[in-house]
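Engineer: A predicted structure for the sequence below; I have some questions about it.
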Protein chains: 2
Amino acid sequence: MAASIIDVARRADVSTATVSRALRGLPNVSEATRERVLRAAEELQYSISPHASSLASGRTGTVGVVLPFVNRWFYSQVVAGIDSVLRANDHDLLLYNLGDERVHERFFARMPLRRRVDALIVLNLPLSAAECEALVSMEVPVAVLGTRIPGCWHVSIDNAEGASTAVRHLINLGHRRIGMITGALGDPRGFTTPIVRQHAYRTVLAQAGIPYDPDLEAPGYFGIEEGASAMAQLLSLPDPPTAVFAESDQMAFGALRTLNRMGLKAPDDVSVIGFDNHETAELLDLTTIAQPVAHQGELLARQILDALSGASEEPTRVVVPTRLVVRGTTGAARVARPQHRHPSPRPGPEPDQHDRTTAR
Amino acid sequence: MAASIIDVARRADVSTATVSRALRGLPNVSEATRERVLRAAEELQYSISPHASSLASGRTGTVGVVLPFVNRWFYSQVVAGIDSVLRANDHDLLLYNLGDERVHERFFARMPLRRRVDALIVLNLPLSAAECEALVSMEVPVAVLGTRIPGCWHVSIDNAEGASTAVRHLINLGHRRIGMITGALGDPRGFTTPIVRQHAYRTVLAQAGIPYDPDLEAPGYFGIEEGASAMAQLLSLPDPPTAVFAESDQMAFGALRTLNRMGLKAPDDVSVIGFDNHETAELLDLTTIAQPVAHQGELLARQILDALSGASEEPTRVVVPTRLVVRGTTGAARVARPQHRHPSPRPGPEPDQHDRTTAR
DNA sequence: TCTTTTCATGTAAACGATTGCATTACCTCC
DNA sequence: GGAGGTAATGCAATCGTTTACATGAAAAGA
């Protein structure tokens, strides 16, 4: 049977109140007493009962993390970032994986985290208005990545900027026929990231005077396989793109595989740029837009800790920069192919510096 | 203020005891009453206080997962597997990332999970004898992956079998000079996986009559970068290997990168085989030993649930099979190079079937 | 009709901490 | 030497459940 605070109190010959204060390092405990308590606790191998403690104090010392996939690189990276900060501040991390649609529904029907966590971190979850409200109604600080929820702390990258940089990079290389592999779902429900990126893609093309062609947008749903299919779809066009912007590295990987299987090469046949700087991107020599992934997790955790400590009263929003990383899958557009009537001018020298270029 | 069980009791005009029973679906509650309680709870948006509940019942409904890295593919897969099973059985998952050595020490010094979880799942952690004992002394069921701890439930693959299959595959391709990129740490502390694989490598070579050469074993510490260095080291040997077995795909990726940067190709110059069947392995066309990763997580969770429900009294051990997946990075050994005195015989036809071969 | 069972419900004591308030002892200062 | 202040400690209520036990009513058996 594990020792309780009463046992410690008896052994140190003080009241349980004093034990509680001594153990938590509160003031108003004499040095002698504190030491006696500490020793007693040590000898009895006492460890506090977190449940009793939270029941009495109302604090749980736990932060819930709700996300759609633990097993994808991006999320596991963010979780690692959150964990490191939380852990350093003596908080626990309760993981909620909402991948399955049924789990998702159940979560919002039963609100199992209510009263169980001091705060919530929500990662890239498509949420209905009612669901957002349900979260807010838990009356704990909520920090959000990707999704926009009013009244919540917020961390994000500048998606418009990142996507624009990617597309501009391709244009600078002389490409005019530029496809995009999008991640957009049917119902975004507040998960605006893919929409923002897609919008940036269209805007930049328009600014460059390139006409809009809906056929050049293929859905890849943020998956490798789907990215591969999307690329196949783009290549089957009568006038296929010479460059493709995939809004996630995973989809770009799929795209590269498709090229590979069709005997084509990047960047000789098609330039490919991704988004994320996934750990595998370097291996595959993929040009991409890097975002600080684990760092965003750390920021979320810090926001939460500040909110909890009262240091941050009002929800804040922090935007972290992205960075263009030029590698081997993007290159100058080839001179016009036979079916073009007017050969396009030889592209000028690539204005982006090579490797690790910081955009903006 | 959230409603408590007392509010529900008042509204349904019963005692809190009855509310508790009705809500948990216990017998001995009349249908009429149960319905009344359910409605009252619904109307008040009541949700139970897990802390009060665990304090009173002694159960926490939470399983702790302790691991060295959340942000590596392997672990995030396992966690996803654990999560799915736990979630389906209404258990929560408390994540403990022990990557940092200091966090590790603190964990065992303070045992923060004591009294906080009903059970523990430990993934591939190098643990000292004292640490193992500390875990066992928590007096909750413990399920372990990779590490061996007496008195604990256990899931694993047959590492000896898997590694042997990998090395045999290379031998069957006619290779005689076979290197290994090992993951072994200085102090394994019970994390025997790399040792077992290394031992299998040596044994199979010996069985094939190939003399042991310590220079052919280079440490890669399960990392990409380190795998890359290990490969560089092997290639710098006076008589470099014609094939390399990396005991993890990540290290194999690093190895491939090194080859690539040196202008060499797999399998033309060096054959490479990995271990894990990492999601990226297919992309890089890496031959590897596949293990069911998420599935092992599910098994661990199921063992724990069985232990908790009393269905499994004694710790059990389940071994899941591995499978050789032949892809493009392994090929027949080239005929002997100039410096060899006697040309080795032309290798016979590859006995392993191509792609998706199941090894035992 | 009078036990004996069975079933539904209530009573109240845990569970193991935290914390507002009261108390005591000891200083300090006039 | 008494008033007032401060620091250390104790008392006891409280947090929101669960659950052993008691109770009473209805059903079953004799």
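Structural biologist: That came in fine, so what should we check first? Numbering: from 1, shown residues only, chains lettered A, B, ... in the order given.

Engineer: could you chop chain A up by domain?
Structural biologist: Following the assignment in automatic domain parsing, chain A carries domains at A:5-48, A:62-157+A:294-320, A:159-291.

Engineer: let's have the ones you listed in TSV, adding distance to DNA strand D and mean neighbour count.
Structural biologist: Bear in mind the C-beta positions are built from the backbone N, C-alpha and C, glycine included. Putting these into TSV (distance: least, CB to the nearest atom of the strand, whole Å; neighbours: other CB atoms under 10 Å in any protein chain shown) gives the following:
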stretch	distance to DNA strand D	mean neighbour count
domain A:5-48	3	16
domain A:62-157+A:294-320	8	20
domain A:159-291	30	21
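
Engineer: for stretch A:228-246, which outside residues touch it?
Structural biologist: A:163, A:166-167, A:170, A:173, A:175-181, A:201, A:215-216, A:218-220, A:227, A:251-252, A:254-255, A:257-259, A:262, A:264, A:270-275, A:330, A:333-334, A:339 (CB atoms under 8 Å, 6 or more residues apart in numbering or on different chains).

Engineer: ok, now which ones touch the closest residue to A:A294 other than its chain neighbours?
Structural biologist: Nearest residue to A:A294, sequence neighbours excluded (CB to CB, 6 or more residues apart in numbering or on different chains): A:G81, at 3.6 Å. Each residue near A:G81 by CB under 8 Å, 6+ apart is listed here: A:293-301.

Engineer: recalculate using a threshold of 7 Å.
Structural biologist: A:294-298 (CB atoms under 7 Å, 6 or more residues apart in numbering or on different chains).

Engineer: around the residue nearest to A:D268 when sequence neighbours are not counted, how many other residues sit close by?
Structural biologist: Of all residues not flanking A:D268 in the chain, A:G331 sits nearest, at 7.2 Å (CB to CB, 6+ apart). By other CB atoms under 10 Å in any protein chain shown, the residues close to A:G331 number 20.

Engineer: name the element the closest residue to A:S15 other than its chain neighbours belongs to?
Structural biologist: Nearest residue to A:S15 in three dimensions, chain neighbours excluded: A:A9, at 5.8 Å (CB to CB, 6+ apart). A:A9 is located in helix A:5-12, with elements delineated by DSSP states H and E.

Engineer: residues contacting whichever residue of the stretch 201-350 of chain A sits closest to DNA strand C?
Structural biologist: Residue nearest to DNA strand C within the stretch 201-350 of chain A: A:L308 (13.6 Å; CB to the nearest atom of the strand). Listed by CB under 7 Å, 6+ apart, the contact partners of A:L308 are A:118-119, A:141.

Engineer: for A:V65, give me its contacts.
Structural biologist: So A:V65 contacts A:79, A:82, A:93-96, A:121 (CB under 7 Å, 6+ apart).

Engineer: hmm, I typed the wrong one, I wanted A:A281.
Structural biologist: A:249, A:274, A:288.

Engineer: those residues in helices, which ones?
Structural biologist: A:D249 (DSSP state H).

Engineer: for chain A, which segments count as helices?
Structural biologist: A:5-12, A:16-24, A:31-44, A:50-57, A:73-88, A:101-110, A:129-136, A:159-172, A:193-207, A:224-235, A:249-261, A:279-283, A:293-309.

Engineer: okay, these in a markdown table with mean pLDDT next?
Structural biologist: Formatted as a markdown table, the helices of chain A follow (pLDDT from 0 to 100):
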| stretch | mean pLDDT |
| --- | --- |
| helix A:5-12 | 95 |
| helix A:16-24 | 95 |
| helix A:31-44 | 94 |
| helix A:50-57 | 96 |
| helix A:73-88 | 96 |
| helix A:101-110 | 91 |
| helix A:129-136 | 92 |
| helix A:159-172 | 98 |
| helix A:193-207 | 96 |
| helix A:224-235 | 96 |
| helix A:249-261 | 95 |
| helix A:279-283 | 91 |
| helix A:293-309 | 97 |
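
Engineer: out of the ones you listed, flag the one nearest A:V325.
Structural biologist: Ranking the helices of chain A by proximity to A:V325 (CB to CB) places helix A:279-283 first, at 7.6 Å.

Engineer: compute the number of surrounding residues for the closest residue to A:S4 other than its chain neighbours.
Structural biologist: Distances taken as CB to CB, 6+ apart put A:S49 closest to A:S4, at 7.3 Å, once the chain neighbours are dropped. Neighbour count for A:S49, taken as other CB under 10 Å: 19.

Engineer: hang on, the earlier thing: so which of the contacts of A:A281 reach chain B?
Structural biologist: With CB under 7 Å from any CB of the partner chain as the criterion, the contacts of A:A281 include none near chain B.

Engineer: which of the contacts of A:A281 lies closest to B:V14?
Structural biologist: A:D249 (57.1 Å).

Engineer: right, and the closest one touches A:G274 too?
Structural biologist: Yes. Here A:D249 reaches A:G274: they are 3.9 Å apart, a contact under CB atoms under 7 Å.

Engineer: okay, and the common contacts of the two?
Structural biologist: What both A:D249 and A:G274 touch, as defined by CB under 7 Å, 6+ apart, is the set A:281, A:286, A:288.

Engineer: quickly note the distance from the first one to A:A290.
Structural biologist: So that's A:A281. For A:A281, the distance to A:A290 (CB to CB, to the nearest Å) stands at 8 Å.

Engineer: flag every residue of the stretch 251-360 of chain A that's near chain B.
Structural biologist: A:253, A:257, A:280, A:283-284.
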